[in-house]
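Asker: Sharing a sequence plus its predicted fold:
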Protein chains: 2
Amino acid sequence: MKKDIEIAREAKIKDIEEIANYLEISDYEKYGKYKAKINPCFDEKKDSKLVLVTAISPTPFGEGKTTMNVALSMGLNKLGKKSISVLREPSLGPSFGIKGGACGAGYSQVIPMEDINLHFTGDFHAITSAVNLVAAMIDNHIYQGNEKNIDLNNILWKRCVDLNDRALREVVVGLGKKTDGVTRQDGFDITVATEMMAVFCLSNDLYDFKKKVAKMIVAYDTDGNAVTVDDIKATGPVCVLMKDALKPNLCQTLENTPAIIHGGPFANIAHGCNSIIATKTALSLADFAVTEAGFGADLGAEKFYDIKCRQAGLKPNMTVVVATIRALKYHGGQDLKKIDEENIESLKKGFDNLRIHLENLKKFSKNIVVAINKFDQDTNKELETLKNLVENLSLKAFECDVYHKGSEGCLEICNYIIEKSKDENDFKVLYDEKLPIEEKIEIIAKEIYRASGVKYSKKALNEIKRINNLNSDKLPICIAKTQYSLSDDPTNLNPDSEYEITINDIRLNQGAGFIVALTQNILTMPGLSKRPAAYDIDIDDDGNIMGLF
Amino acid sequence: MKKDIEIAREAKIKDIEEIANYLEISDYEKYGKYKAKINPCFDEKKDSKLVLVTAISPTPFGEGKTTMNVALSMGLNKLGKKSISVLREPSLGPSFGIKGGACGAGYSQVIPMEDINLHFTGDFHAITSAVNLVAAMIDNHIYQGNEKNIDLNNILWKRCVDLNDRALREVVVGLGKKTDGVTRQDGFDITVATEMMAVFCLSNDLYDFKKKVAKMIVAYDTDGNAVTVDDIKATGPVCVLMKDALKPNLCQTLENTPAIIHGGPFANIAHGCNSIIATKTALSLADFAVTEAGFGADLGAEKFYDIKCRQAGLKPNMTVVVATIRALKYHGGQDLKKIDEENIESLKKGFDNLRIHLENLKKFSKNIVVAINKFDQDTNKELETLKNLVENLSLKAFECDVYHKGSEGCLEICNYIIEKSKDENDFKVLYDEKLPIEEKIEIIAKEIYRASGVKYSKKALNEIKRINNLNSDKLPICIAKTQYSLSDDPTNLNPDSEYEITINDIRLNQGAGFIVALTQNILTMPGLSKRPAAYDIDIDDDGNIMGLF
C-alpha cells in the first residue's frame, strides 16, 4: 500500500471553486487554488443532520477517528446525500514535534494536507497575534501606571506560540532596565490551549465572539476583582485581528467531497471540537454535517454535547463510535508484542471500554452506532465477536475498510446512518448548567467516568468559592483529565475499578463560557522530543516537502 | 479633503485577476479577491528599469516616500509604461502601537489597505513561526544533552513576536521544574528586526534562501566556535515553513496599477528594503519597477545599493529623492509652531540636508532627481527657491501634487524619469566588500555620514577580531544609526558639523550576508505608548474596521 502522502499527491484535486459550486456557495474567497474562506451561514436546513464521530479511549495505535469521519462523509455523498466533513485545524506544534498529520489516512484524507498541516489560512496565527497583543496591552497597562491596580501575582493571561517549546512554560518577563517593563512571572501556552481558541470555537458569530472576548478574565486586581479583556481596552483590536479567521475554511477530501476545517482547541483543558460557526455553516449548506470531537467519548463526546451543543443549540442526530480490534485488545491487557495475534479473550475484556462508552452515550441519545475501523490482521472471529458484543447492547456495529477503500469501505454503515437519522431527535444534555459547580462535576464523574465520588484540593475549593462570589458558576464544566483511562489515572485500563476522582484545580473561562476542573496538572505547552519530527522535515530545490507526515 | 481610509474605501478596486492579466501573469494563487501570491520570475527584461525612491533625513511630519512611490508608478503606467510599485510589507507592531499605515496617502495609496496592514498573506507570521521554531530547537538541543556544547551565555538567537511588547525585551526562560527546560537569559525582537527577515529579503530564490538560512549563527559553543541553524538541524523545517512566504504578493494601487508588496526588514539593524525576489519579479514583468528604501538616503539608499543591489546584481537606473518644503524648513531650524509660515532662510539652511544626500547619491550614479511632495501651505517663492537650489547642483527638481491628484500630480517628473532612464547605467557600489571591516566602515562614515573619523568600543573591536577569525569579514556593512541626523546624534541637524562617529558594537549576520555596526543601542523591540493606537481600533457588527489608520 502506498504512503498517505503519495496517495494525497496522486489525488485528482479539484479547484476549490468546483467544491464551492457543488455546495452552491457564491460568497467565498480563495486562498490559493485549493482552499477558500467562506462566509458563515446560519440558515440551517430544517432536515439537515448532525453526525458526531467519537471513539473508545485512545491507545498508542490511534483509532482513526478523522479517517472514519472523512470516509463516512464521502460515503454519504456517494449515496446521494450532500455531506460535509467538519474537522479541526491542526496545530504547528505537533507537526514539528511528533509525526502524524491530522488529515486522515489511506484513501480517507482531506487535502491539500501540506497546506492544512502548515499555515493553512492563517487562523491560528491570528489567534496567536490576538493573545499576544492582549498580553502586551496588560503589561503596558501596568508599565504606564497600572490604573486598574492589576495584582502582579494574580495575572491569569499567558502569552502563546503555536509550537512545542518547553522552555517557555515558566518565564520571567520585564527584566532589564526600568524602561523594559515591569518584572513579573509569566508563561506561554501553545496556541490551541488558550481561552482565545476556545472562545473562537464557541462563538456563534462575530457579535457573539466580541461579547465573549470582552468577558475573558486576564487578571485580578489588588482587591480581588476580575480584570477583563475589555477593561484593558483590547476587545476591539482582538476582533479586528480575528475578523477573517472567523470565516470557515473550505477544502476537499480525496474523493472531492467538501470539508470544512475550522478551529482546534485542546480536548482536555478545552472542549476539543471545531468551531460552532463551521458546524452551523455545514448544516446550512448540506444534508449531513459529519463532525468529530477530540480523544475518547468520555472527554470529546461529553464536551461536544454538554458544552458545544448546549452553547450552540445544536441537537446531534447520530453518534458514531470508532473502535479497532487492536485497540480493544490493548484495553484488554494484551501484550503489545502480540497485539496483532488473534486473541478473543483480550478482545472481550477490552470490550468493557467500548461498553462503558456506549452506555454513557445512551444517556444523551439512543442514536448510536459502532464503526469498526478494519485492519489487515483482524480475524473474522474477532470481528464477529465484536459485532455480537455490540448487538448484545441492542446496538449495531459495522466493519469499515476505509483506509484501503475510502467511501466504498463504509457504504453499509452510511445507509444505516441515513435511515437512523430520520428517527425523532431525542438528544439531551447530561446536567442542568444552573446546578452548583460541585454537583455538576459529580454528575460527570459518576455518570461518565464511573467514579464513586469526587475529592477536591484546597486550592480547587477556594477557586469554587471565588467563582461563586463572582456569580459565574452557572456554566457547564470542562474536565481536564487523562484521555487514556476513563478514570483520572492513565495507567488504569479497568473501567469497572472502584476509585474516587480528584479535582486539583478549577479555572473560570468566563469568555469561553465554561469552568475547567483539572484532575491533574495538564501540560498546556508540550516539549520537543530528543529526535523531533522537525529533523526529518525538508524541502527540495523544486519545492517538494519531505518528512512532514 | 477626505480621509485616506475613505478614499481607499471609495476606490473601484479590481479583482486581482485583472491586475495579473495586465501583467500577463498566469501562475498565481489568489488570497481573497484582491491579493495574490505570484510565482517568482527571474527573467528580467533587457530594458526594464529600476527606480529607487528615497528621501531626505526624516522629520516628525513624514516626507511621503511611499505616497510618492505609488504616485510615480501610477504616473509611469499612465504614460504607457508598464510599471509596478514594489514596496515593503508593514508590521503589526506599529499598526497597533502608533497611528499611521504604510500604504501611502491621499490619492496615492495601495489597497486593500486593511488587509495589507493586518495579516496580509501571512508572510510575517511564517517568519515569526520559523524564528521561534529555531529557538525551540536550540533550547531542546540543550535540554536533550547539549551535544554541540552550546555556551548558555553566548546564545545570539532571540525569539520574536510581530508586536510592540517591551516586557519581552529581556526575559528568563526555562524556569520551573527540571522538565521545563534549561534556565537562561533570553529576549524577543519584533519580527521585522530578525535576521530571518533580512535573509528572507536578501535571498535570490528558494535555493539561495536555504543556503543563507543554514549559515545563520545561533550561538557559540564553549570553545568559541559558531553554531549555525544547520548545526541544530533546523534548516529544512524553516524552509518548509517559508515555502509560500517566499512568493511575492500582488496588490493594486488606487488607480488599479500593479503593486508587489513583499518583505519588510528594519532599516537600521537591517537593510530596510523589500525582497530581492519581489524586485526581480517586477523587473521581469514590467518596464519599470519603482521601489523604496527605509528612512533617509544615508541609511536606506546606501544599504539598498551596497547591500541589496550588490547581493542581487541589480543596477538601479534612477534615484528619486523625496523632499518637502516643510521638512527642509524643519532641518533649517524653523520653530515647529511656525513651520507652515513662509521662511526662505530656514529653507535655504535646511537645504543642506538635501544637498548632502544628493552629493552622496552622486557617488553611486549621476541619475538622480528630486521630487518635491507639495503641500497646500507651500508658497511659490519657497518652491522656486528649492528648485533653483537643486538646479545649482546640476540636478532637476519637480513639484508633485500626488496627495490630491495621484498620477496626474507627477506626470512631468515621470516623463523625465522615462527619458533619463535611457541613459547608460553608470551605477557602482561605494566600496569593495573584500576590504577590512574597519576600512569599509570608515568609507561609509566619511563619504556618507561626513564624519571625520571612527571610534570603536572595546566590545566592537573584539567582535571584529572574532569575525576576522571566522573568516567572515568579507561582507558589506550595515550601519545601525539614528535616521534623524546624518551623524550618530539624533539632535544634530547640522550636516556640516565636525564629529567622530562611534561604533559601540558589531554583529555578524552570516546568513543575511552583512555585518551590522551599531553606533548606539538600537531598540529591536518597540514598546506601546500610554495611549496605543489599539485603544481606537474596533470593528462594528457589520465587520467594518474602525481606527486602524
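Answerer: Done, it's in. Numbers count the residues shown, from 1 in each chain, chains lettered A, B, ... in the order given.

Asker: Tally up the residues packed near residue A:208, please.
Answerer: 16 (other C-beta atoms under 10 Å in any protein chain shown). (C-beta placed from N, C-alpha, C; glycine too.)

Asker: Return the set of residues that bridge with residue A:502.
Answerer: residue A:455 (DSSP bridges).

Asker: what do you get for residue A:188?
Answerer: Checking residue A:188 by DSSP bridges, which sets the bridge assignment, gives partners residue A:159.

Asker: wait, doesn't it sit right on residue B:132?
Answerer: No - checked against C-beta atoms under 8 Å, the pair residue A:188 and residue B:132 is beyond contact range at 9.8 Å.

Asker: overlap in contacts of the two?
Answerer: A:161, A:165 (C-beta atoms under 8 Å, 6 or more residues apart in numbering or on different chains).

Asker: and chain A, what are its domains?
Answerer: A:4-122+A:245-421, A:124-241, A:437-518 (the TED database).

Asker: Straight-line length of the longest one, end to end?
Answerer: Right, the one you point to is domain A:4-122+A:245-421. Taking C-alpha to C-alpha, to the nearest Å, domain A:4-122+A:245-421 runs 32 Å from one end to the other.

Asker: likewise stretch A:316-326?
Answerer: Rule used - C-alpha to C-alpha; the end-to-end distance of stretch A:316-326 is 29 Å.

Asker: pLDDT on it, on average?
Answerer: The predicted model assigns stretch A:316-326 a mean pLDDT of 98.

Asker: Figure out which of the domains of chain A is closest to residue B:80.
Answerer: domain A:4-122+A:245-421 (32.1 Å; C-beta to C-beta).

Asker: Centre of the chain to the closest one, how far?
Answerer: Between the centre of domain A:4-122+A:245-421 and the centre of its host chain there is 11 Å, according to C-alpha atoms, centre = their mean, to the nearest Å.

Asker: Look up the closest residue to residue A:20, ignoring the ones flanking it.
Answerer: residue A:28 (5.2 Å; C-beta to C-beta, 6 or more residues apart in numbering or on different chains).

Asker: what's the burial count for that neighbour?
Answerer: 20.

Asker: How about residue A:201?
Answerer: Residue A:201, neighbours per other C-beta under 10 Å, totals 27.

Asker: Check whether the closest residue to it other than its chain neighbours sits in a helix, strand or coil.
Answerer: Computed as C-beta to C-beta, 6+ apart, the closest residue to residue A:201 that is not its neighbour in sequence is residue A:263, at 4.0 Å. Assigned with DSSP: H, G, I helix; E, B strand; the rest coil, residue A:263 falls in the coil class.

Asker: got it, and residue A:282?
Answerer: Assignment for residue A:282 (three-state DSSP): helix.

Asker: Was I right to think it contacts residue A:261?
Answerer: No - between residue A:282 and residue A:261 there is no contact under C-beta under 8 Å: 10.8 Å.

Asker: more neighbours, those two?
Answerer: Set residue A:282 next to residue A:261 and count neighbours by other C-beta under 10 Å: residue A:282 wins out with 31 against 26.

Asker: quick one: that one and residue B:365, what's the gap?
Answerer: 60 Å (C-beta to C-beta, to the nearest Å).

Asker: just residue A:128 next, same as before
Answerer: Distance from residue A:128 to residue B:365, by C-beta to C-beta: 44 Å.

Asker: Show me which of these two is the more surrounded one.
Answerer: Between residue A:128 and residue B:365, residue A:128 has the larger neighbour count (other C-beta under 10 Å), namely 29 against 19.

Asker: show me where the stretch 351-500 of chain A has helices.
Answerer: Listed in chain order, the helices of the stretch 351-500 of chain A (DSSP state H, counting those that start in this stretch) span A:380-391, A:402-405, A:411-420, A:437-447, A:458-469.

Asker: what helix or strand does residue A:72 sit in?
Answerer: helix A:65-78 (DSSP states H and E).

Asker: Output that helix as PDB, nothing but the C-alphas.
Answerer: The C-alpha coordinates for helix A:65-78 follow below in PDB (Å, rounded to 0.1, in the frame of the first residue of the first chain):
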ATOM      1  CA  LYS A  65     -11.400   8.900  14.100                       C
ATOM      2  CA  THR A  66     -10.500  11.500  11.500                       C
ATOM      3  CA  THR A  67     -10.100   8.800   8.800                       C
ATOM      4  CA  MET A  68     -13.500   7.500   9.700                       C
ATOM      5  CA  ASN A  69     -15.100  10.900   9.700                       C
ATOM      6  CA  VAL A  70     -13.700  11.600   6.200                       C
ATOM      7  CA  ALA A  71     -14.800   8.200   4.900                       C
ATOM      8  CA  LEU A  72     -18.400   8.500   6.300                       C
ATOM      9  CA  SER A  73     -18.800  11.900   4.700                       C
ATOM     10  CA  MET A  74     -17.600  10.600   1.400                       C
ATOM     11  CA  GLY A  75     -19.900   7.600   1.700                       C
ATOM     12  CA  LEU A  76     -22.900   9.800   2.400                       C
ATOM     13  CA  ASN A  77     -22.100  11.900  -0.600                       C
ATOM     14  CA  LYS A  78     -21.800   8.700  -2.700                       C
END
